[in-house]
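J.: after the sequence you'll find the predicted model.
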Amino acid sequence: MLEIPPFLPFFIGALVAAMTRGVLRNVIMLATPILSALHLWMVPEGIHLQFTFFDYQLTPYRADKLSFMFGYVFHIAAFIAIIYSLHVRDTMQQVAAMMYAGSGLGAVFAGDLLTLFVFWELLAFTSVFLIWARRTQRSYVAGMRYLIIQVLSGVILLAGTLFYAAENGSLEFGHIGLEGISGWLIFIAFGIKCAFPMAHNWLTDAYPEATVTGTVFLSAFTTKVAVYALARGYPGTELLVYIGAAMTCFPIFFAVIENDLRRVLAYSLINQVGFMVVGIGIGTALAINGAVSHAFNDVIFKGLLFMSMGAVLHMTGRINGSDLGGLYKTMPKTTVLCIVGAASISAFPLFSGFVSKSMVMSAALEEGFDWIWLMLLFASAGVFHHAGIKIPYFAFFAHDSGIRASDPPNNMLLAMLIAAVLCIAIGVYPSALYSLLPYDTGYNPYDATHVLAQTQLLFFSALAFVWLNLRGMYPPELRSTNLDVDWIYRRAFPLALQNMFSFIWKVDHALRQAFLVRLDLYLAFLSQRNKGISRLLSRTYPAGSMVMWVAVILATYLFLSFITH
Amino acid sequence: MGSEKKYFFDNPKNVKRILYFLYGSCVLLLALDFVIHRHVVHKWENLLGFYPLYGFIGCVILVLVAKWMRTFLMRSEDYYANEGKSDIDEKPGIDIKKNNEGGGA
């Protein structure tokens, strides 16, 4: 049987979509993920495509349980996002989205680092069009910053790959570990795409600037590819536990005070990826399972949340918490679907987040990471606070903004419905998800202790929200920009450069001025001197006649040299 | 707005109901701590009301710290929009004046 690499159907789909329009294009775009998923379902594990390139073995298509897991969820995400964007009539955006999904699939089935690098860069170059498709100045510059950082990550990955080839004589993408220059370089490259702290701002900067439908695509692929790459290359790297724990905690503070609700979701995306990174860092079978299944669930529930906020933006033209409120009145379906997403990300029992996040938490406890466990617990309460309560509350309830927008078009509702059903189905019947996982751990999330603990945590977090609100201590949504690390490259760095250049120019100006003054002085001095000399030698002959006579002499010389030859 | 349809939460009673439901659930969940035999992994989990307390205090601290962060992180909405211009509301800690001098040279 011929195994087609999963990225190929999407690239072909993109090509065909570019040449068709209207209903036909929609049919093709919908059929692509379905057919590709059916095909992928039948592909056995193993290496399906391999060839030798110079001295190195390249493996563009390798499938094992880890890549299958991401492969499946990428198909689901692409399918849902395509339904969500069926109303879009923008060739650039639709083609870019298909290419982007294909690149994500290419990356998770890449068996060698060079192939991974190619798809790594393709992810950047295809996804940036989803940001630029908004066609505003803001999105243009945000997309530029996004592209620069993504390409930087790719370049570092390439450098790491070259070092890796030199150190190991192979390009195979397996366990890498933090050894040697290559290990660190590749780690940094993965880390940038994974939105490690300090390198996270590309995400919160660019995702909220993308189009309504573009953000749904964006939230699914890039960071999950990075999570996959870390799970493959760096499982059990203890450093990741601490990085991940930091990622779960710091964004929630920013999320609480952020006004743009899609940016709130971007921060909570980092928080969720943090849980996955912790799981990978712990590295036990349970932890890896937790990380991978959480990535799977996150793609769906984060997609659902981005879709519901996208629906709000699409229908009202607004996305700031300060402008919204009371939308439940006229957007009841969106409200309910958003709440399902919110419950899932908050890991309520019977929702998808619960069955995957609890694995990471349990693994942290079992391996003796007590403090990390406390941080994760805090982050769990925090994520409920900002994504579970704040998002639905400020968009759909809170004060009545007076906006009376109706529910979004049916295709958007259908996409959200599919995601919501999946969230609940996985939460109620986790065995289906667990059977796909790389390891068999026999884990059961639904024991009384665990359910009770999580429910208590969540309900009392909700109580805290209510209490703070009633006391008037809850920070109101304000139109504002909050400084984050991106301030360094968006403000401090340009400012420093500007000041540096203005200083250099000033110094340069002063030096020139001084030099010119000096030069004038010397010239005056010399001409003074020269006056005396020239009077002595050629009192009445102008300099011009002198030059003429020199020219005559030279011409004669030239003439003579012609004759003699 | 007078003629507009009355929605669910326009009635303050319904809001109250939701709140009472929440309070009731919290009390019930706390009570369950005594009833359900929990097999705990960590000693902290043995503390009575560990999870409820942690959730509540954690969230209050989260919100208060975030609120405090606003005092030095918050800028006007178009802070980045008018890069290099002077009409940015100034906050202590960041020297925006320099920018203007630099821009002139």
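T.: Great, that's in hand. Small disclaimer: the values here were computed from a predicted structure and weren't measured.

J.: which residue comes closest to the residue nearest the centre of chain B once chain neighbours are left out?
T.: Centroid check for chain B by Cα atoms, centre = their mean gives residue B:63 as the closest residue, at 4.1 Å. Excluding the flanking residues, the one nearest residue B:63 by Cβ to Cβ, 6 or more residues apart in numbering or on different chains is residue A:468, at 5.5 Å. Every residue, glycine included, has its C-beta placed from N, CA and C.

J.: quick one: the strands in the chain?
T.: Because you didn't say which chain, this covers chain A. Under the criterion DSSP state E, chain A contains strands at A:46-53, A:56-63, A:481-482.

J.: that answer is for a different chain, and I need it for chain B
T.: Secondary structure of chain B, counting by DSSP E: strands at B:74-75.

J.: show me where it has helices.
T.: Along chain B, counting by DSSP state H, helices occupy B:12-35, B:50-73, B:97-104.

J.: of all the ones you listed, which one is nearest residue A:516?
T.: Minimum separation from residue A:516 across the helices of chain B (Cβ to Cβ) falls at helix B:97-104, 22.5 Å.

J.: thinking again about what came up before, next up, the contacts around the residue nearest to residue B:63.
T.: Counting by Cβ atoms under 8 Å, 6 or more residues apart in numbering or on different chains, residue A:468 makes contact with A:474, B:59, B:60, B:63.

J.: which residue sits closest to the most centrally placed residue in chain A, ignoring its sequence neighbours?
T.: Centroid check for chain A by Cα atoms, centre = their mean gives residue A:203 as the closest residue, at 4.6 Å. Nearest residue to residue A:203, sequence neighbours excluded (Cβ to Cβ, 6+ apart): residue A:195, at 4.8 Å.

J.: in terms of pLDDT, where does the one you found sit?
T.: Looking at residue A:195, its pLDDT is 95.

J.: for burial, what's the neighbour tally of it?
T.: By other Cβ atoms under 10 Å in any protein chain shown, the residues close to residue A:195 number 25.

J.: just for chain A, where's the confidence low?
T.: Low-confidence segments of chain A, defined by pLDDT under 70: A:1-2, A:532-541, A:565.

J.: how about the helices in the stretch 401-550 of chain A?
T.: Counting by DSSP state H, counting those that start in this stretch, the stretch 401-550 of chain A has helices at residues A:410-428, A:431-434, A:448-470, A:486-487, A:493-537, A:543-564.

J.: gap between residue A:64 and chain B?
T.: Taking Cβ to the nearest Cβ, to the nearest Å as the measure, residue A:64 falls 31 Å from chain B.

J.: touching, that residue and residue A:45? I think so.
T.: Yes - the criterion here is Cβ atoms under 8 Å, and residue A:64 meets it with residue A:45 at 5.2 Å.

J.: higher neighbour count, the two?
T.: Using other Cβ under 10 Å as the criterion, residue A:64 and residue A:45 rank with residue A:64 on top: 14 against 11.

J.: ok, back up a step: now render the strands of chain A as TSV, adding mean neighbour count and distance to residue B:52.
T.: Output for those, formatted as TSV (neighbours: other Cβ atoms under 10 Å in any protein chain shown; distance: least, Cβ to Cβ, whole Å):
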stretch	mean neighbour count	distance to residue B:52
strand A:46-53	12	50
strand A:56-63	20	45
strand A:481-482	21	31
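
J.: what's stretch A:420-431 in contact with?
T.: Residues outside stretch A:420-431 that contact it (Cβ under 8 Å, 6+ apart): A:76, A:297, A:300-301, A:304, A:337, A:340-341, A:343-344, A:348-355, A:432-433, A:445.

J.: give me the buried entries from those residues.
T.: A:76, A:297, A:300-301, A:304, A:337, A:340-341, A:343-344, A:348-349, A:351-355, A:433, A:445 (16 or more other Cβ atoms under 10 Å in any protein chain shown).

J.: was I right to think the residue nearest to the centre of chain B contacts residue A:255?
T.: No - applying Cβ under 8 Å, one finds residue B:63 not in contact with residue A:255, separated by 11.0 Å.

J.: can I get the strands of chain A in TSV with distance to residue A:3?
T.: Putting these into TSV (distance: least, Cβ to Cβ, whole Å) gives the following:
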stretch	distance to residue A:3
strand A:46-53	4
strand A:56-63	7
strand A:481-482	48
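
J.: contacting residues around the nearest residue to residue B:70 once chain neighbours are set aside?
T.: Of all residues not flanking residue B:70 in the chain, residue A:257 sits nearest, at 5.3 Å (Cβ to Cβ, 6+ apart). In this structure, residue A:257 makes contact with A:475, A:480, A:482, B:66, B:67, B:69, B:70, B:73, B:74, judged by Cβ under 8 Å, 6+ apart.

J.: distance check, residue A:257 against residue A:250.
T.: Using Cβ to Cβ, to the nearest Å, residue A:257 is found at 13 Å from residue A:250.

J.: same question for residue A:15.
T.: Applying Cβ to Cβ, the value for residue A:15 to residue A:250 is 42 Å.

J.: neighbour count winner among the two?
T.: Neighbour tally, residue A:15 and residue A:250, criterion other Cβ under 10 Å: the higher count belongs to residue A:250, 18 against 14.

J.: that one against residue A:195, yeah?
T.: No - applying Cβ under 8 Å, one finds residue A:250 not in contact with residue A:195, separated by 11.3 Å.

J.: not counting sequence-adjacent ones, nearest residue to residue A:308?
T.: Nearest residue to residue A:308, sequence neighbours excluded (Cβ to Cβ, 6+ apart): residue A:338, at 3.6 Å.

J.: contacts only, for the residue of the stretch 151-300 of chain A found nearest chain B.
T.: Residue of the stretch 151-300 of chain A nearest chain B, by Cβ to the nearest Cβ: residue A:256 (3.8 Å). Listed by Cβ under 8 Å, 6+ apart, the contact partners of residue A:256 are A:385, A:386, A:390, A:475, B:62, B:63, B:66, B:67.

J.: could you rerun that using 10 Å?
T.: Residue A:256 is in contact with A:264, A:267, A:382, A:385-386, A:390, A:474-475, B:59, B:62-67, B:69-70, counting by Cβ atoms under 10 Å, 6 or more residues apart in numbering or on different chains.

J.: check contacts around the nearest residue to it once chain neighbours are set aside.
T.: Closest residue in space to residue A:256, ignoring its immediate chain neighbours: residue B:66 at 3.8 Å, by Cβ to Cβ, 6+ apart. Applying Cβ under 10 Å, 6+ apart to residue B:66 gives the contacts A:252-258, A:382, A:385-386, A:475, A:482, B:73.

J.: buried ones in stretch A:158-175?
T.: Buried, per 16+ other Cβ under 10 Å, within stretch A:158-175: A:158, A:159, A:160, A:161, A:162, A:163, A:164, A:165, A:171, A:172, A:173.

J.: need the max-distance pair from the residues you listed.
T.: A:159 and A:172 (17.8 Å).

J.: residue 34: how many residues sit nearby?
T.: Just going to use chain A. Other residues within reach of residue A:34, judged by other Cβ under 10 Å, total 14.

J.: that was the other one, I meant chain B.
T.: Using other Cβ under 10 Å, residue B:34 has 8 neighbouring residues.

J.: if we can go back for a sec, filter the contacts of residue A:256 to the buried ones?
T.: Applying 16+ other Cβ under 10 Å to these, the neighbour count classes A:264, A:267, A:382, A:385-386, A:390, A:474-475, B:59, B:62-63, B:66-67, B:69 as buried.

J.: distance to residue A:209 added to the residues you listed, as CSV?
T.: Shown next, in CSV, are those (distance: Cβ to Cβ, whole Å):
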residue, distance to residue A:209
A:264, 14
A:267, 15
A:382, 25
A:385, 25
A:386, 20
A:390, 20
A:474, 27
A:475, 24
B:59, 30
B:62, 26
B:63, 27
B:66, 23
B:67, 26
B:69, 23
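
J.: out of the residues you listed, who's nearest residue A:563?
T.: Among these, and counting by Cβ to Cβ, the member closest to residue A:563 is residue A:267, at 89.4 Å.

J.: and stretch A:425-445, which residues are buried?
T.: Neighbour counts over stretch A:425-445 (16+ other Cβ under 10 Å) mark A:426, A:427, A:430, A:433, A:434, A:437, A:438, A:441, A:443, A:445 as buried.
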